[in-house]
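Asker: Sequence isn't available, so here's the structure alone:
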């Protein structure tokens, strides 16, 4: 596929590239793809009515322009049951440039550039309708502003967290609580599985799964998510 080098090469002006802020830096992280891991905490799998046995991980995607760093989540249309899901987000780095084929779990962490706190907002009622019909989840997951996210923190500063609290408070009340040590599939294992299905590259984000306690939000709610060692994300529902 040919890529134009001048705006005159296009039928119309291309959309701006999605990029995320890096904490305490003027540099931006250019986003390529957004992958999400489904049911990666046993307690959450059980609350969603699934057996938490360690079956192979499964994935879905959001669009890069679904990322939302405004601190405000607009309640989406066509849904009466929108849920929060707090997650650790891993950001893949430039060491993957030109890499083809799977990435072994033992090599995976060398390709993780940094981390962020994110929310996988879900139109649960629409997702449920799609599940019953055996159809894809996109209308429940990949809608505008459905991925609130905080600034990226380089792994060179915080290391690679494998344990620590993952929490979400709504209006000051604790709604979700888990620990990174409870991930069914670790980040290296996630990357190994994901890279066997897709060619991973710099700019790819991975939402690594949510602990138990997911639930509905309403307009006017204030969500505060935290991942120990990574940061905090505050979001108003508008």
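Answerer: Thanks, I have the structure now. If you're wondering where the values come from, they're calculated on a predicted model, not measured in any experiment.
Asker: Can you point out the buried residues in stretch 199-215?
Answerer: For stretch 199-215, burial by neighbour count (16 or more other CB atoms under 10 Å) applies to 200-214. To be clear about C-beta, it is placed using only N, CA and C from the backbone, and glycine gets the same treatment.
Asker: Nearest to residue 21 among these?
Answerer: Relative to residue 21, the closest of the buried residues of stretch 199-215 is residue 205; by CB to CB it sits at 13.5 Å.
Asker: contacting residues around the nearest residue to residue 35 once chain neighbours are set aside?
Answerer: In this structure, residue 35 finds its nearest non-sequential neighbour in residue 206, 4.9 Å apart by CB to CB, 6 or more residues apart in numbering. By CB atoms under 8 Å, 6 or more residues apart in numbering, the contact list for residue 206 reads 35-37, 89-92, 187, 190-191, 194.
Asker: at 10 Å what do you get?
Answerer: 33-37, 59, 87-92, 112, 118, 187, 190-191, 194, 200 (CB atoms under 10 Å, 6 or more residues apart in numbering).
Asker: Distance from the chain centre to stretch 142-162, please.
Answerer: 8 Å (CA atoms, centre = their mean, to the nearest Å).
Asker: and the end-to-end length of it?
Answerer: Counting by CA to CA, to the nearest Å, you get 28 Å between the two ends of stretch 142-162.
Asker: tell me which residues in it are buried?
Answerer: By neighbour count on 16+ other CB under 10 Å, the buried set for stretch 142-162 is 142-143, 145-155, 161.
Asker: Please identify which of the residues you listed is nearest to residue 108.
Answerer: The nearest one, if we look at the buried residues of stretch 142-162 relative to residue 108 and count by CB to CB, is residue 155, at 12.0 Å.
Asker: Wait, that closest one touches residue 161, no?
Answerer: Yes. If you go by CB atoms under 10 Å, residue 155 and residue 161 touch, sitting 9.0 Å apart.
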